[in-house]
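Colleague: with the sequence up front, the predicted model follows.
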Amino acid sequence: MASRTTSRGAAPVTLGELAAEGRRVWLWCERCARSRSIAATVLARRLPADLPVPLIGRRVRCRICGGREVHSRPHWPPGETVASHRWHDGGSGAEE
């Protein structure tokens, strides 16, 4: 589940939805380029369940450099279909 349709169009998936599905959130820091994947259930202990995943980065801080320039997105498993594209596990993020 990447998004759902609302009266305003497609809405991003929420933290609670990822946590209910046992998914993870991918976070990366613009300042030091560190990235990590964290279980949505861990984040859901501290953040609201209705928080859209793209906004999680605004609510966290990098553990390495302390930076607030953190981005977030769902961490979809390799090979899973996302938005009608299949991503390979080659690490480049290129489409198959």
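Modeller: The structure has been received and is ready for your questions.

Colleague: output the below-cut-off pLDDT ranges for the protein.
Modeller: Applying pLDDT under 70 to the chain flags the ranges 1-9, 79-96.

Colleague: can you confirm Ile56 is in a strand?
Modeller: No - Ile56 is assigned helix when assessed by DSSP: H, G, I helix; E, B strand; the rest coil, not a strand.

Colleague: what residues are up against it?
Modeller: Residues in contact with Ile56 (C-beta atoms under 8 Å, 6 or more residues apart in numbering) are Leu15, Val25, Leu27, Leu43, Leu47, Ser72. Just so you know, the C-beta spots here come from the backbone N, C-alpha and C atoms, and that holds for glycine as well.

Colleague: what's the closest of those residues to Gly66?
Modeller: Nearest to Gly66 among those, counting by C-beta to C-beta, is Leu27 at 14.0 Å.

Colleague: and of the contacts of Ile56, the nearest to Arg58?
Modeller: For the contacts of Ile56, with Arg58 as the reference and C-beta to C-beta as the criterion, the closest is Ser72, at 8.4 Å.
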